[in-house]
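below is the sequence, then the predicted model.
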Amino acid sequence: MKKIVISILVLSTIAIIIIYMNILEKQAQLKEIKFFNAEYELYRNKEVLYGTDIVTIINKAINSNEKNGIPKNEKGYYIDNENNSIKVDVYMSINKSTYEMETISKVGITNFIANFNLTQFKCSGIEYHKNGRISKIHIEEKE
């Protein structure tokens, strides 16, 4: 009888520890996602973004994708993995075209800064993965 009670107590203790560890892990993941998102969401609240801000956002996104091992397709564009990939697109009102961050990076960040350093932009939207992590940032040139 004592062995049964001790076994039940040991199993209950192990179950409680496992549940507690899962809760702590989930909280750590949510905290990491919140910290990651905050780096980009601060741009949503700015009235004006300049070319240098856009380059900063693009460089952060590219660095994040590289760090997370996000694969690219045959054209060199990052593939959305529905988890931790991030994309940035920039709408230019002068020619009414949208450019992906990879295109801007290929053409040259230095050229982008030279041409659009003083151009005013705004963050027009942010999309999220199902896990709450930012998946895409939409930026557009102010008219």
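The structure has been received and is ready for your questions.

any idea which helix or strand in this structure has the lowest mean pLDDT?
Between all helices and strands in the chain, the lowest mean by mean pLDDT, DSSP states H and E belongs to helix 109-116, at a mean of 87.

which residues outside that helix are in contact with it?
50-52, 54-55, 58-59, 104 (C-beta atoms under 8 Å, 6 or more residues apart in numbering). All C-beta atoms are positioned from the backbone trio N, CA, C, and that covers glycine.

ok, so of these, who is nearest E32?
Closest approach to E32 among the contacts of helix 109-116 (C-beta to C-beta): N59, at 20.2 Å.

neighbours around the closest one, how many?
N59 has 14 neighbours, counted by other C-beta atoms under 10 Å.

pLDDT value on it, please?
Model confidence at N59, given as pLDDT, is 94.

which SS state does it fall under?
Applying DSSP: H, G, I helix; E, B strand; the rest coil to N59 yields a three-state assignment of helix.

can you pull out the strands in this structure?
Here the chain has its strands, by DSSP state E, at 87-92, 97-100, 121-128, 134-141.

contacts for the last one?
Counting by C-beta under 8 Å, 6+ apart, the neighbours of strand 134-141 from elsewhere in the structure are 36-37, 40-41, 43, 49, 54, 57, 61, 80, 82, 85-94, 119-129.
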